[in-house]
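Chemist: Got a sequence here, can you model it:
(2 chains)
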Amino acid sequence: MKKIWIAALAALAVGACTDFGNSKKSVSEEAPQISNPAPPQKNPFPPGYENPNEGAFAEWKLLVNVGVNFLAKSARGFSLEAQLLEERVREYCSAIDQGGTGESELSGARSQWKRAMLGYHALEAVAVGPLTDSGRFLADNIYSWPYFNACGVDLEAMKLAESRKSNPKKLFTVKGLRALEYLLFEPSLVTACSAANPKAREWTALPTAEKRRQRCAYALDLAQELSGHARTLEQAWDPAKGNFTKTLVDGSRYPSVSDAVNALSDGLYFLEIVKDQKIGRPLGRHKDCVDAAGKCPGDVEHRYSGISLEALGAQLKAFQTAFFGSTNPDGRGVGFDDFLRHKGRGDVVDSIRRDLDRALSTLEEASSRGSFQEQIGAMNPGECGATTVTNRKVPLCAFFQDVRSVATTMKVEVLTILKLRAPPFFGGGDND
Amino acid sequence: MLLLELMLACLAFAEDGATRLAPIQVLGGSREELVLPTAPQRVGKEKLESSQYTDVNRALKQVAGVYVREEEGQGFRPNIGLRGTNPDRSKKVVILEDGVLIGPAPYSAPAAYYTPNMNHVETLEVYKGFTAIPFGPNSIGGAVNYLSPSVPSRPTANVSAQSGAFGARNLKFAAGTGTEGGLGVLLQGSRFSGDGFKRIDGGGDAGFLRNDVHVQGRTSLTSGERVNLLTARFGFSDEDSHETYLGLTRNDFNRDAFRRYSSSANDEMVWKHHKMQLEHELQTGRDSFLRTTLYRHQFHRSWYRVDSFRGGSMQGLRSVMKDPKASVLNRALYEILTGQSDSSSLGQGGEIKIVNNDRRYLSQGVQSSFLESLDWGSARHDLEFSLRWHRDRIERNHSFDFYEMTGGRLARTQDPRQQETLNEASADARTLGVQDNVSVGPWVFTATLRYEDVDFRSEDALLSPGSARKWSDSVLVPGAGALYKINDALSLRASVNRGVTVAGLDLAGVEKREESVNYEAGVKYFSSEEERSADFTAFVNDYANITGTCTASAGCNSSQLDVQFNGGKARVAGLEARFAQGFSVGRLWLPVQFNVTWLKASFENEFLSQSDEWGRGIIRKGMPLPYVPELQYTLSLGAHYRRFRQELSILYQGKMYDQSYDVGREEIEAYGILDWNAGYELEKGFELFAKVDNLLAKDYVVSFRPAGFRPGKPRAFMLGVNYRL
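Modeler: Below is the predicted model:
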């Protein structure tokens, strides 16, 4: 018996001794530095993928149609708008450098920023693939919302004026379209930094023209970087270059076509953020609005430019396009609606279509009554709380309820019917 | 007769007057286990006293088949698993104290945030599989019963003072007196405190304080020979511990496992527990006995802790901990959590949300067991009928504050405190149990049955009116077993039973039961003369539907807390073995004990998981159940010489996974630790003792959920003195 025990002890000691010491064998490798994704190579479709919108439904057709006809085209459009934005900002900077007020150039730059911003919103509404690869490198660097450091933007503008060199290590919260909105639209030229910050005092002491010049120079620095990111995104989707659409269907990244469809549906879940953070929170219909007044007009997405309602429209239309596979819900493009009909659930398609139509028409009507921020300022939060899809007391709050209905149908019905999993960070209506 | 004999033996009041239902044990086994198919396995009084456990996790590792997931390293909130169940918050095992449900709300919120303080526990009983059928509700895996000492029949006193590493101090006393079979009282109290072994960046309190007071009073209602006793028990426990869910990134863990980020400096768990029990024990005949217990337990806890960033979620925080360099955002959030950057660098999105998860629980009921032994022909029947009416309730009042990280310190923003959750859930359960052990010659056949009928109700005060939901479920849990005594030292046994757990709250409104068929076979050997015992068990739990229940500690969203998910088919197969042998060399006695558990627990079907506990994605056949180690063993090497005793324990736990879904899954590596304890009896009843936990100072990960890697207890010594009157 003693021998057996000794043998057992020896076996245990030899077999598992490494687990008793601090070998640090599990040290993981340092993650690589985040950087701009590599320029995409050519990635042509194999034969058979030419006509996604013909014949019986297949999941690959949904992917190819939405990829080629919507996302690749949107990426191309956004890239052009970003390049134009760079030009318009350059013109504005030249005008004020030459001693002018640059008013018309500023107006041109603002208009172009708006077009670029709306173009990006269409892509953001279905964030998948190149936009979110490499740790959301392009998404965060193009548009940092909801993160933003206005004081940091002012400090970077001053730093650029001092060093005359672009800072390659800027945090994403001080660049991209959000920082550009602040630089082009913030009218007071008062720094966002606290008065205790010595740099704030330096900024305040600057002449107004110099403040404009420094903000413009930094805006140009950011517009150049933005234009580069937009080109990278365009090339990644371009069927003649990176052709990410092919990556969706060829099994090189997603184990099955269904997994790729799930990736696309994960992207559509951005609607939850639109509902909660972009609509619900400013209206006081989300727990993150913590103002005693019961509403948070200051939390609207585009408070400097005032295009929040247009932006919401762009995002909902992008959702609609990806869902129906076409800008027109009656169009021929293959989308999630076809997938649902294929499963015999045309009723769910009709429900989403009805809610989306109602949301978009309510939004259009509301847009003529002033900015989102102004309308929330004049709104009675109690009436907003009492507003439902049927009892439409406050139109914007009814709009929120419409979007909520779409989001609920997506979560409860669409995922179940199409056997798709919810993306990891959206659980069971936690944010409602 | 067996059960009744044991019951009456218990009431005969052992000479030291402080032992309840404690059959003679020899090195990890007992004769009771050899001959009674429904007997539990025990960690006995002697073992608990000699090891001076304050952490039930370490005590339970002495039993084959029990695996635990440590959490804060002290065992304050144990995570106990049995037979493949997820150990998270012990929600899939039944937690009892003196045979009474002691979890805060075992039906409506099974996560056991309260378990009895080991300072007042005398013995632990573990019921696995078949033997746990009578208990319910979550007894497919098994049950753990904490036994406190019974009222003594003569004056007794016990005082213990301990002090050790990391400012740990443990003072406990017990004093009581009584007459044989009559009046008696027992008072127990303890105060356990320490500075904690983690260091918060920038300073801060990481310590804890736990108090525990219990009083028992007993009187005999008649002066006859038959037992007719009334016992009242009152208990109060509280805890104030600066604990957090926030762990470390892998690299930070490897650099300093005992670091805590400055963002967790305000985290604190505070709770209070009140216990009231009235027990009546009546010998109704020569061979019959009735025990009835009325109980009411209240538990109120409030955990103020880092939850997420403003607008984010616990999963988002976990993503930062998983890979802080995965994105520019993750890097920025990591720098805020660690105090390297200010929240203002990200604007409002960089503000830290600290939740105040306040929950009140009530658990009350009455239970009655009637035991009778009868001779029918050549068969002896030991019958037990039990009834329980139970009601429990949980009220969740969750709110949150926002904090800014500025210069490495947390500062509350001007935002007022916000309400996040205001809901309640309750359950009324009626349980009927019948068990018959039929002895015929060398055979003991067991038939056992539990019937449960439960009404649930839930209501969310923050949702619109009409959110209240009600549903009911009834389950029948039958089982049958057989034991064959080959001789006085060896027996074979086998059993089969249905395992069913009533359906819990399901978000989609599709309540479904957890159901399985469990098979078990084994052999036991016990020889007190040769100081040798052995036990080998093989089992298969075949689930038709396995369920998961969400908790914050598993990383679920607040809206999913205590919500059930269905996982379909799963299979848990395992082997449990226990060997013990005492060697005598002159006056030197060398007890050696070894237990080992091998488990293979995996899903048997493909389904789409929406649960954070299992991971979101398509779960495929063969994917492992989370936090179930495949291999675990404990080897104890003791030595007793005259007044000196020592024991070295080698504890090994194999690798496990934090979720089933293989995308983004984290492996919790295998680890082995050594614990040591020793004592020297200066004179009778007066002992000096020392113990060292984690003798080799192994840094090991105990969990990645819910938000980062957290360490097990580092090397820690404790010195103390015990005095027993």
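Chemist: drop to CA atoms for contacts and neighbour counts, all remaining ones
Modeler: OK.
Chemist: residues from the stretch 151-300 of chain A in reach of chain B?
Modeler: By the rule C-alpha under 8 Å from any C-alpha of the partner chain, the part of the stretch 151-300 of chain A lying against chain B is A:152, A:171-173, A:277, A:287-288, A:290-292.
Chemist: pLDDT score assigned to the residue most central in space within chain A?
Modeler: For chain A, A:E124 is the residue whose C-alpha lies nearest the centre (C-alpha atoms, centre = their mean; 3.5 Å). Per-residue pLDDT puts A:E124 at 94.
Chemist: what's around the closest residue to A:K419 other than its chain neighbours, how many residues?
Modeler: Ranked by C-alpha to C-alpha, 6 or more residues apart in numbering or on different chains and with sequence neighbours excluded, the top spatial neighbour of A:K419 is B:L608, at 7.0 Å. Residues within reach of B:L608, counting by other C-alpha atoms under 10 Å in any protein chain shown, total 19.
Chemist: The helix or strand where B:L608 lies pairs with which strands?
Modeler: Element membership of B:L608 [criterion: DSSP states H and E] is strand B:607-609. The sheet places strand B:607-609 alongside strand B:617-619 (antiparallel), with pairing taken from DSSP bridges.
Chemist: which residues touch the strand it pairs with?
Modeler: With C-alpha atoms under 8 Å, 6 or more residues apart in numbering or on different chains as the test, strand B:617-619 has contacts from A:421, B:603, B:605-610, B:660-661.
Chemist: Got a quick ChimeraX command for the buried subset of these?
Modeler: ChimeraX command restricting the contacts of strand B:617-619 to the buried ones, with burial defined by 16 or more other C-alpha atoms under 10 Å in any protein chain shown:
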select /A:421 /B:603,605,607,608,609,610,660,661
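Chemist: farthest-separated two in the contacts of strand B:617-619?
Modeler: A:R421 and B:F603 (17.6 Å; C-alpha to C-alpha).
Chemist: going on from the helix or strand harbouring A:S104, what's the next piece of helix or strand?
Modeler: Following DSSP H and E, one finds A:S104 within helix A:103-124. For helix A:103-124, the following helix or strand on the C-terminal side (DSSP H and E) is helix A:133-142.
Chemist: tell me which strands and helices that next one is in contact with?
Modeler: helix A:176-185, helix A:208-237, helix B:328-337 (3 or more C-alpha pairs under 8 Å, 6 or more residues apart in numbering or on different chains; DSSP states H and E).
Chemist: Okay, now the unreliable bits of the chain?
Modeler: Going with chain A. Flagging of chain A using pLDDT under 70 yields the residue ranges A:1-18, A:21-36, A:38-40, A:424-432.
Chemist: Let me rephrase: I mean chain B.
Modeler: Within chain B, the ranges that satisfy pLDDT under 70 run B:1-30, B:463-466, B:503-511, B:554-563.
Chemist: just checking, what packs against the lengthiest strand in it?
Modeler: Using DSSP state E to define each element, chain B has its longest strand at strand B:379-406. If contacts are counted by 3+ C-alpha pairs under 8 Å, 6+ apart, strand B:379-406 sits against helix B:2-11, strand B:352-376, strand B:409-412, strand B:418-440.
Chemist: now those as TSV including distance to chain A and mean neighbour count?
Modeler: Output for the helices and strands packed on strand B:379-406, formatted as TSV (distance: least, C-alpha to the nearest C-alpha, whole Å; neighbours: other C-alpha atoms under 10 Å in any protein chain shown):
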stretch	distance to chain A	mean neighbour count
helix B:2-11	33	17
strand B:352-376	10	20
strand B:409-412	14	18
strand B:418-440	7	21
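Chemist: wait, which of the ones you listed is closest to A:S144?
Modeler: strand B:352-376 (18.2 Å).
Chemist: Tell me which other helices or strands that closest one touches.
Modeler: helix B:2-11, strand B:288-309, strand B:379-406.
Chemist: Given the longest one, what are its sheet partners and their directions?
Modeler: If you go by DSSP bridges, strand B:379-406 pairs up with strand B:352-376 (antiparallel), strand B:409-412 (antiparallel), strand B:418-440 (antiparallel).
Chemist: Can you name the next helix or strand after the last one?
Modeler: Meaning strand B:418-440. Defined by DSSP H and E, the subsequent element after strand B:418-440 is strand B:443-460.
Chemist: got the angle between that next one and strand B:418-440?
Modeler: Counting by axes from the mean of the first three to the mean of the last three C-alpha atoms, to 10 degrees, strand B:443-460 lies at 160 degrees to strand B:418-440.
Chemist: Toward the C-terminus, what is the element adjacent to strand B:443-460?
Modeler: Sequence order places strand B:469-487 as the next helix or strand after strand B:443-460, per DSSP H and E.
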